[in-house]
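> Everything below, folded, please.
(2 chains)
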Amino acid sequence: MDVTAAPIKIGMSAPLSGPAKALGNQLLAGSRPVFNSTNAAGGINGRPIQLIVRDDQYQPTQTLRNTIQFLRHDRVDGLFSYVGTPTVTKILPLLRENGKVTLYFPFSGAQPMRIPPYSDNAVHFRASYYAETAALVRYFQSKGITRIAVLYQVDAYGRNGWYGVKLALEKSGKSIVSEATYRRGSTFSSSYQPQVQLIMAEKPQAIICIGTYQPAAGFIRDLRARGHGIPVANISFSGAEALIDLVASIPNAADNLVFSHVVPNPNTSRAPAAIEFRKTVKVPTFISFEGFLNAKLLVEILKSPNQSAYEIGLAEPVRFDGRQAKNSVYLSTYSHMQWQEIGVFK
Amino acid sequence: MIRSLSLLSKSLIGISASFLLVIFIIGLDFSLVLYHNLTQEYESKGLAIADSVSETAIGAILSDDPASLQAMVDSLLSINGLAYVVIQDSSDAILVHTFSPNVPAEIRPYLKIPTQKHTTQLDIGNASFLHIRVPILNGEIGVVHIGMDLNLIQSKAQAIILKDALIVLIIYCFTIGGLFVLIRRFTRPIQALTDYADHLATHDFKDPLADGPKIRALTGYQQKEIQALADGFIKLEQDLMANLTQLESSLKIQERLQSELHIASEIQMSLLPDQAKTEYETAVVQQFIRPAREVGGDFLDHFVVHHRYLVTVVGDVSGKGVSAALIMAAVATMIRSTAQTIDSPGEILTVVNQAFCKRNVNEMFITVFLSVLDLHSGELRYANAGHNPPFRNHAGSTWEPFGTELDLVMGIDEACYFRDFDTLLQPDESVLFYTDGITEEMNPAGDLFGDQRVLAELNKSDSDSVIPQLIACLDAFSAGSDQADDQTLLCIRYTGAASILQGPELTLYFENDLSSISKLAEVIEQFGTANQLPKSVAMNLNLILEELIANTIYYGYDDHELHHIFLALHLDDGHISATITDDGIPFNPLEAPEVDTDAILEDRTVGGLGIHFVRSLASEIGYERQANNNVTRVKMEVDLNGYSM
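Residues are numbered from 1 along each chain as shown, chains lettered A, B, ... in the order given. This next block holds a predicted model:
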C-alpha cells in the first residue's frame, strides 16, 4: 500500500478549551481512533486521512478564522464535526462561496445548515434539534405534562431549539409558558437565580433546556436549590455526562433529568458499533460515540461516495434523505445515578 | 482679605476666575453640543442598522428560520453601541431577541408594530438607550427594535470633555505661569518703590537711603509711569532731606532758647521763698506759685525784718513771660531791700514805685499787696497797689474779703502815694493773698473760677490745708483747658503772740557768738508776758542769764568751731530755775572775771554787771561739771504780786 500518497485532509474546528471544551474533546476522542485505524488499514484507496484540528473555543469568529485557514492554507478536502450552531452558521456563507468543500456531520441540529440556501454545503448524520425538541415535547405530553418552559442560550443554537419547542407545542395548540435566556460562554459558577425566577413564575411542569452542560448544570443546581424538582430535559448538544458530573454531588440535582440523544446509549447499546466503540475508548460518552459514528460514516462515504445506504454497525444502515441521514432520537432519563432508556423517536 | 493681597495676586485671581468662568461656559456649551451631535450621529447609525436588519431579516422570517436570524442579529452585536435587537413577526410575537435572562419589562410597551420608523429614549435599569423601531416591509412581516447604548456616548462625551478639560488646564497653567512672570516684571519696580517709601518714612536722613541707587536706576525704566514715580520719589527724598536739615537747625535754636528759659525760670524761682510752708515765730506762711509759662509775672515774698515784722508781698506784673519775669525780679528785689529800712508798707510801695516808674520804659504796671505783720502783737499793716483784695478769717468764722481799699497800680504815676491800712489779727486768724490768675481761671466752657468759688472752697477747708484744697478745686474746675495766667496763693496764719513760750517750761539754745545773745531779751520778755511775771522779775532774769551766757561764750571755748549753749527755764511755785548747759572747756562762771560787754555789743544797755551782781540777784547759784558739760544752775524767788526778791 502506498501510504505516501497525498493525504485526504479533513479540517475540524471545535472547542478544545473554554466552557464547551468537553464537546470538542469528546468528539475528537471518539473520532480520532477511527481515522487512526483506517489509516493503519491503508487509508482510503491508499490515501491516509489527515485530521487537522483547530480550537475555536465555541466562538463563531474564531471558527470563521479557523475555516479560512483550512480552506486557504491547508486546502482541506472536507470539514468534519464542527461543534455548535452559531459557529457553523457563521461559516455557511463561506462554504457556499467556496462551493467545493463539504462540512460533514457538524455537531449541531440547527436548521440554517439544513435549509436553503446552505443545505448543499453540509451533510448531516445527527437528527435536527427540531426532531429532538419535538421528541421531548411528545414525551412530556405523553406523561400529561403540557406546561412546558424553555431555558435557552441566546444565540442561533438556543433560538433554534426554542423555535423547535415552540413549533412542537403549536402542533397541539400550546405555547411555551415561560422562557429565559443566558449568554453564551456562561459557566457553571454563574448564578442562574434570575432565570429560575423568570421560568418558575409561570409554574411550568417541565423545562426544556437548550444549552451547553455548564450553564445547564448551573441552572439545574439553582432550580433544585429553590426546591423545584420538576423534570429538566436537555438535548444532545448539552453533553449529558459532563452535565451529570457537575451536578452529581449536589443533593437532588441529578434527579428527574431527561436527555434526548441522536445516538444510542454507548454504554448499553448492543449494536456492533457500540460494542466496537466500548472497546476503543476508555470513557464512553454519548458525544464521543457520536464522534466515533461520524468518523465511521465519513470513512465509508470517502471509500464509496453516493451510496444509498452505509453500514456503520448500527441497528440499521444509514440512509440519507437528501443530505440529512434518516435518524432517530433516543430519549433516556437519569435519576438516582441511573440511566433509563425511554425509547427511540423516529 | 482681597485688599491685603498684592497687585500680582489680585491680577492672577481675577484672570483665573474669568478664565475658569469662560472655560466653564465653553465646556458646558461644548458638552451640550457634543452630546446633541453624538446623539444625532447615534440615531442615524442606529437607524441604518435597523434598516439593514429589517431588510436582511425578510428572508429568514419568510423561510421560518429564527436561528439564522438570531445568528445574523448576534453578529450585529459586535457593532459598538448596539445594545440589543428584538425582532417581532407580523403577529407581534417575538421571533428573536438578544436579552438575558429575558426581554426586560421596560421594552414591553414598545412592542407594538408602528407603521413608521420611530425613535425614543428608553431607560432600562440604570442604563439609557435610544430605542429605534423600524417596520419590516412596512410592518407586514414584522418589526425590528434596536437599542443604542446612550451611556456609551455619554461616557464618550465625558471622556472627550475630560481630555479637553485637561488640555485647557495645561494651557491655563502655562498662561498663568507666563502672566505671573510678566506681572512680576511690572510689579517689581512698584514693589521697590513701595519699599523705598517705607524706608523713607523711617529714615533719619543723616545719610542718603541705601536703596537710593536702585530707585535712581528706575528713572531710566521703560515704563513712563514708573519712571515718573521714581523721579517723584527721588525729588521727595531730596526735599525731605533739605527740610529736615532746616528743621533740625531751627529745633536746635529752639532747644537753646528753651534751656535758657528754663534757667531763667530757675533763677526767678530762686529769688522767691521756695518752701510750701514756712513757720515763723508766731505765724505760719503757706505759698503756691504756678507760672502759666516757663517764667511768669506773678511774684510773692515773705521775710522777717528786725526779728519781729513779717513782710509778705504778693504781686502781679502786667503781661507774662520773660519781660514780666524780669520786671518782677527787679521789683521783688527792690521791695525786699526797701523793707529793711522802711517800716510802713505804704511808704515802701511809694519808694519802690518811684524807682520803678523812672525806669519803666516798657510802660508795664504792677499790682502789689504788701503787708507787715507784727509777730508779737498780731498787728497787720498793709498797702494795696491795685491788687485783688485778700480774704481773711478768724478760727471758726467764715472767710471774707478785706483790704478792699485800693491805690493805683505801680508803674503809672511816679508821684503816687500809697496809703497804709491797719488791722489786728487774732490768734489763729488767717489771711489769704492771691493773684487774678486764680479767680480768672476759666473752665473749657469759658466760666471764670471767680471770687465766690474761692470763698466757698475756703469755707470748706481746714485752716492747715487751705492752699492744697483750693488748688485741687481749681484744677478740677479748669480740667481740660490750658492755664491762662500765672497763679499765686499766699496764706498767713497768725498763731498768736507767745504761743511758743506759753507754759512753765522753756528751752532754747544760743550759738557761741555774742550776737546770738540778742534774742535772749525778747525771749525772756515773752516768757514773762506769757507767764504773767512781774516786769522786774523778767528784767532781772534777763540780766543774770545774759551775764552767765556771755561769760560762757567769751571764756568757754578754745576753738573756733560752732557750739551750742542750751538754756532751760522752769517756773515752779514761787521759783524760776534756769539751767545753762554747754560743751565748752571746764569753766565755772562763778569764778569768771568781769566782762565788759559794752565793748562787744554796741546796742547793749544792760549787762556786764559782774558775777557779784548775779549772786545778789539769784537766790541760789551753782556749778558742776557733768559728762564733759558745764552745768550752771540759777534759782530766783518770784513774787507773783509784782514784787521780786
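> what is the rounded mean pLDDT of stretch B:505-522?
Mean pLDDT, stretch B:505-522: 78.
> for stretch B:401-408, same thing?
On average, stretch B:401-408 scores 84.
> mind checking how far that stretch is from the chain centre?
Distance, stretch centre to chain centre, for stretch B:401-408: 43 Å (C-alpha atoms, centre = their mean, to the nearest Å).
> domain parsing for chain A?
A:8-127+A:267-325, A:129-261 (automatic domain parsing).
> got JSON lines for those, with distance to chain B and mean pLDDT too?
Backbone N, C-alpha and C define where each C-beta goes, glycine included. Converted to JSON lines, the domains of chain A look like this (distance: least, C-beta to the nearest C-beta, whole Å; pLDDT from 0 to 100):
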{"stretch": "domain A:8-127+A:267-325", "distance to chain B": "4", "mean pLDDT": "93"}
{"stretch": "domain A:129-261", "distance to chain B": "4", "mean pLDDT": "94"}
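> isn't there a strand covering residue B:19?
No - looking at residue B:19 with DSSP: H, G, I helix; E, B strand; the rest coil, it is helix, so not inside a strand.
> give me phi/psi at residue B:561?
When read as degrees, to the nearest 10, the backbone of residue B:561 gives phi -80, psi 170.
> what's residue A:215 in contact with, if anything?
Contact analysis of residue A:215 by C-beta atoms under 8 Å, 6 or more residues apart in numbering or on different chains lists A:19, A:153, A:182, A:186-188, A:190, A:192.
> Next, format the residues you listed as TSV and append distance to residue B:273 and neighbour count.
Below are the contacts of residue A:215 laid out as TSV (distance: C-beta to C-beta, whole Å; neighbours: other C-beta atoms under 10 Å in any protein chain shown):
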residue	distance to residue B:273	neighbour count
A:19	130	19
A:153	133	29
A:182	128	25
A:186	126	23
A:187	126	12
A:188	128	18
A:190	123	17
A:192	126	25
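> Among those, which lie within helices?
Among those, no residue falls in helices (DSSP state H).
> rewinding a little: output the domains of chain A as CSV; include the columns distance to residue B:537.
CSV is the format used below for the domains of chain A (distance: least, C-beta to C-beta, whole Å):
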stretch, distance to residue B:537
domain A:8-127+A:267-325, 158
domain A:129-261, 148
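> how many neighbours does residue 77 have?
Went with chain A since none was named. Using other C-beta atoms under 10 Å in any protein chain shown, residue A:77 is surrounded by 20 other residues.
> actually it's chain B I care about, not the one you picked
Residue B:77 is flanked by 14 other residues according to other C-beta under 10 Å.
> Can you give me the distance of it to residue A:161?
Residue B:77 is 20 Å from residue A:161, where distance means C-beta to C-beta, to the nearest Å.
> residue contacts, residue A:106?
Residues near residue A:106 by C-beta under 8 Å, 6+ apart: A:81-83, A:88, A:113, A:122, A:124.
> Close to chain A: what parts of the stretch 51-200 of chain B are there?
Proximity of the stretch 51-200 of chain B to chain A, by C-beta under 8 Å from any C-beta of the partner chain, involves residues B:63, B:65-71, B:74-75, B:96-102.
> repeat that with 10 Å
B:59-60, B:63-75, B:77-78, B:93-103 (C-beta under 10 Å from any C-beta of the partner chain).
> Please enumerate the strands of the stretch 101-250 of chain B.
Taking DSSP state E, counting those that start in this stretch as the test, the strands found in the stretch 101-250 of chain B are B:118-124, B:127-136, B:142-149.
> no no, the stretch 151-300 of chain A
Taking DSSP E, counting those that start in this stretch as the test, the strands found in the stretch 151-300 of chain A are A:179-182, A:206-210, A:232-234, A:257-261.
> list the helices and strands the shortest one packs on?
Read that as strand A:232-234. Contact partners of strand A:232-234 among helices and strands, from 3 or more C-beta pairs under 10 Å, 6 or more residues apart in numbering or on different chains; DSSP states H and E: helix A:129-142, strand A:148-153, strand A:206-210, helix A:213-225, helix A:240-247, strand A:257-261, strand A:329-335.
> show me where pLDDT drops low in the stretch 101-250 of chain B?
Within the stretch 101-250 of chain B, the ranges that satisfy pLDDT under 70 run B:113, B:205.
> Can you find the residue of it that comes nearest to chain A?
In the stretch 101-250 of chain B, the residue that lies nearest chain A is residue B:101 (4.2 Å; C-beta to the nearest C-beta).
> In this structure that residue contacts residue A:201, no?
No - contact criterion C-beta atoms under 10 Å: residue B:101 and residue A:201 do not qualify, at 11.2 Å.
> Residue B:507 belongs to a strand, doesn't it?
Yes - according to three-state DSSP, residue B:507 belongs to a strand.
> Once you drop chain neighbours, what's closest to it?
Computed as C-beta to C-beta, 6 or more residues apart in numbering or on different chains, the closest residue to residue B:507 that is not its neighbour in sequence is residue B:568, at 4.8 Å.
> ok so, going back, redo the strands of the stretch 151-300 of chain A as TSV? Include distance to residue B:489.
Compiled in TSV, the strands of the stretch 151-300 of chain A are given as follows (distance: least, C-beta to C-beta, whole Å):
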stretch	distance to residue B:489
strand A:179-182	122
strand A:206-210	130
strand A:232-234	131
strand A:257-261	135
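> Out of the strands of the stretch 101-250 of chain B, which is the most enclosed?
Ranked by mean neighbour count, the strands of the stretch 101-250 of chain B are led by strand B:142-149 with a mean of 25 (mean count of other C-beta atoms under 10 Å in any protein chain shown).
> Report the contact partners of the residue of the stretch 101-250 of chain B closest to chain A.
A:151, A:154, A:179-183, A:192-199 (C-beta atoms under 10 Å, 6 or more residues apart in numbering or on different chains).
> Recalculate using a threshold of 6 Å.
Contact partners of residue B:101, counting by C-beta atoms under 6 Å, 6 or more residues apart in numbering or on different chains, are A:180-181, A:194-195, A:198.
> okay, now residue 37: neighbour count?
I'll assume chain A. By the criterion of other C-beta under 10 Å, residue A:37 has 14 neighbours.
> ah, no, chain B please
Neighbour count of residue B:37, defined by other C-beta under 10 Å: 12.
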